[in-house]
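I need the structure of the sequence given here:
(2 chains)
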Amino acid sequence: MDMEPIWLSIRLAIITTIFLLIIGIPIAYWLSRKQTIFKIIIEAFITMPLVLPPSVLGFYLLLAFSPNNGLGKWLHQYFDLQLVFSFKGLVFASIIYSLPFMVSPIKAAFSHLPRSLAEASYVMGKSKLKTFFYVLLPNVKPSIFTAAVLTFAHTLGEFGVVLMIGGNIPGETKVASIAIYDAVETMDYHSANSYALVLFAITFIIVITVFLINRNAIKSPFE
Amino acid sequence: MIKIAIGKKIDGRYGNFELKVNTAFNLNAITRIAGPSGIGKTTLLKIIAGLVLPDSGTVSVENVLWFDQISGFSKKVQDRQIGFVFQDYALFPNMTVEKHLKFGTDDESFITHLLELGEMTQLKNRLPKQLSGGQQQRLAILRALSTKPKLLLMDEPFAALDQELKSRLITKLSHFFDEQQTTVILVTHQDDQFIDYNSYSFELKGIGD
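Residues are numbered from 1 along each chain as shown, chains lettered A, B, ... in the order given. The predicted model follows:
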């Protein structure tokens, strides 16, 4: 069995998770503060990939990144960046597609922290930034862990978006889920089964790990 | 003097009303704020702290303006040099007893002193969830003292302590306040707290609306 699609999937999931950790935590914190209409609209956009068929998202990303159109053309001209049918494009699409999986649990955790926690830090003279890193962030750690694992697993299982924007280029965009589809198309059920089993095993282990860790060490800090 | 002349609409459990306060508190003294539940005692403390902004009026301390609604000025909470004991303690779940105090001061000997004052030396490596209600409350008080605040605001600070421990703590705290020249304003249902010291009572009353 050609292991390349599996490694590609794992690489995509790791890179996507790291990027989403960096941008997802500040977005989640910002959304958890006082609600405004503007924030509700932004949150709705972030949540859309949860309910939208992946092909819809993939289709619009394909149009947006096409080197013949506005944004894609601009990226190609000034940054020599081609996002259609490339691994970079997959990363970008995965970030958008998995954004709600990272943001929602962390936002919920920030919202559940008592207001007085931050206030107690402010009255001690601590800045908002210091309060965020020393008081708020450490107390949402379990949710950050859960969100990261969910994002990783979700990216691993991505299919529709990847197919639309990445196609099926070996070593570049042919991730495990695509390889299964490709193998079935060519009646190679043996390969399809191998890829499917590996994906099944990896995601099952991930889910079990989350359950175990949530059951034991990491509970809400207020319990 | 701490001069307070404010109005603030309150949307409380006990209905909507306007909190109106026009009074002055003595510096280097202990003031007890009493009054029925839901009348706005906690809100008044938070207004002094800058955690809640009034709808109208001014707050000034030693003739320095801390809040002025007309000019829209409000001194930053961080710059007010206050200590606050929250009714729900607001302890940091991720920090041990000692780390709570280290968050307020780098002075190791002062931390040792505070731990002794609150009778918590043995408990210094425990997390809040490993403490009893009374121990959590003592930690909340010690943490508020750790920054050596000029003004200490306490919201029902002894509610979870037994009588004996409470009177020991009050004696030690009174010496501490004397030494540090701390101005104290506390919300309490019992009007005998700190009665032997330089203390006053202030009854919050008069629901508007």
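
pLDDT weak spots in the chain?
You didn't pick a chain, so chain A it is. Within chain A, the segments meeting pLDDT under 70 span A:216-223.

hm, I was asking about chain B
In chain B the weaker segments, taking pLDDT under 70 as the threshold, are B:12, B:191-192, B:195-196, B:206-209.

put the alpha carbons of the top helix by length along it into PDB.
Across chain B, the helix with the greatest residue count (assigned by DSSP state H) is helix B:163-180. Extracted C-alpha coordinates of helix B:163-180, given in PDB (Å, rounded to 0.1, in the frame of the first residue of the first chain):
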ATOM      1  CA  GLN B 163     -16.600  33.000  65.100                       C
ATOM      2  CA  GLU B 164     -13.300  32.200  66.700                       C
ATOM      3  CA  LEU B 165     -11.200  32.300  63.500                       C
ATOM      4  CA  LYS B 166     -13.000  35.500  62.500                       C
ATOM      5  CA  SER B 167     -12.200  37.400  65.600                       C
ATOM      6  CA  ARG B 168      -8.500  36.300  65.500                       C
ATOM      7  CA  LEU B 169      -8.300  37.400  61.800                       C
ATOM      8  CA  ILE B 170     -10.000  40.700  62.500                       C
ATOM      9  CA  THR B 171      -7.500  41.500  65.300                       C
ATOM     10  CA  LYS B 172      -4.500  40.700  63.000                       C
ATOM     11  CA  LEU B 173      -6.100  42.600  60.000                       C
ATOM     12  CA  SER B 174      -6.700  45.700  62.200                       C
ATOM     13  CA  HIS B 175      -2.900  45.800  63.000                       C
ATOM     14  CA  PHE B 176      -2.100  45.300  59.400                       C
ATOM     15  CA  PHE B 177      -4.400  48.100  58.300                       C
ATOM     16  CA  ASP B 178      -2.900  50.400  61.000                       C
ATOM     17  CA  GLU B 179       0.700  49.600  59.800                       C
ATOM     18  CA  GLN B 180       0.000  50.000  56.100                       C
END
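
show me what secondary structure element comes after it.
strand B:183-187 (DSSP states H and E).

partners of that following strand, with directions?
Applying DSSP bridges, strand B:183-187 is found paired with strand B:30-34 (parallel), strand B:151-155 (parallel).

dump the next helix or strand after that strand to CSV, keeping only the CA atoms.
Going down the chain from strand B:183-187, the next helix or strand is strand B:199-203, by DSSP H and E. Presented in CSV, the C-alpha positions along strand B:199-203 are these (Å, rounded to 0.1, in the frame of the first residue of the first chain):
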residue,chain,number,x,y,z
SER,B,199,-14.5,52.4,62.2
TYR,B,200,-17.8,53.8,61.0
SER,B,201,-21.0,52.4,59.7
PHE,B,202,-22.8,53.6,56.6
GLU,B,203,-26.3,52.4,56.0
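
list the buried ones in strand B:199-203?
B:S199, B:F202 (16 or more other C-beta atoms under 10 Å in any protein chain shown). Yep, even glycine has a C-beta here, placed from its N, CA and C like the rest.

chain center to that strand: distance?
Computed by C-alpha atoms, centre = their mean, to the nearest Å, the chain-centroid distance of strand B:199-203 equals 15 Å.

tell me the angle of that strand relative to strand B:183-187?
40 degrees (axes from the mean of the first three to the mean of the last three C-alpha atoms, to 10 degrees).

rewinding a little: just name the most buried of the strands paired with strand B:183-187.
Highest mean neighbour count of those: strand B:151-155, a mean of 24 (counted as mean count of other C-beta atoms under 10 Å in any protein chain shown).

angle of that one against helix B:163-180?
160 degrees.

helix or strand for B:T58, which one?
Assigned by DSSP H and E, B:T58 belongs to strand B:56-61.

establish whether that strand and chain A are in contact.
No: applying C-beta under 8 Å from any C-beta of the partner chain, one finds strand B:56-61 separated from chain A by no less than 14.7 Å.

for the residue positioned nearest the centre of chain A, helix, strand, or coil?
Centrality entry for chain A: nearest residue to the mean C-alpha point is A:S98, 3.1 Å, by C-alpha atoms, centre = their mean. Assigned state for A:S98: helix (three-state reduction, DSSP: H, G, I helix; E, B strand; the rest coil).

same thing with B:K9?
strand.

count of residues packed around it?
By other C-beta atoms under 10 Å in any protein chain shown, the residues close to B:K9 number 14.

contacting residues for it?
Contacts here follow C-beta atoms under 8 Å, 6 or more residues apart in numbering or on different chains; on that basis B:K9 touches B:N16, B:F17, B:E18, B:L19, B:D55.

most neighbours out of the residues you listed, which is it?
Neighbour-wise, the contacts of B:K9 (other C-beta under 10 Å) top out at B:L19, 23 neighbours.

check which helix or strand that one maps to.
With DSSP H and E as the test, B:L19 turns up in strand B:15-25.

just the angle for that strand relative to strand B:30-34, thanks.
160 degrees.

what's strand B:15-25 packed up against?
strand B:2-12, helix B:41-49, strand B:199-203 (3 or more C-beta pairs under 8 Å, 6 or more residues apart in numbering or on different chains; DSSP states H and E).

I figured the residue nearest to the centre of chain A hits A:L156, correct?
No: between A:S98 and A:L156 there is no contact under C-beta atoms under 8 Å: 10.1 Å.

which one of the helices and strands packed on strand B:15-25 is the most hemmed in?
helix B:41-49 (a mean of 22).

is that helix anywhere near chain A?
Yes: contact of helix B:41-49 with chain A (C-beta under 8 Å from any C-beta) involves B:A49.

before we move on, back to that, so is the longest helix of chain B next to chain A?
No: shown here: helix B:163-180 not in contact with chain A (C-beta under 8 Å from any C-beta), separated by at least 15.8 Å.
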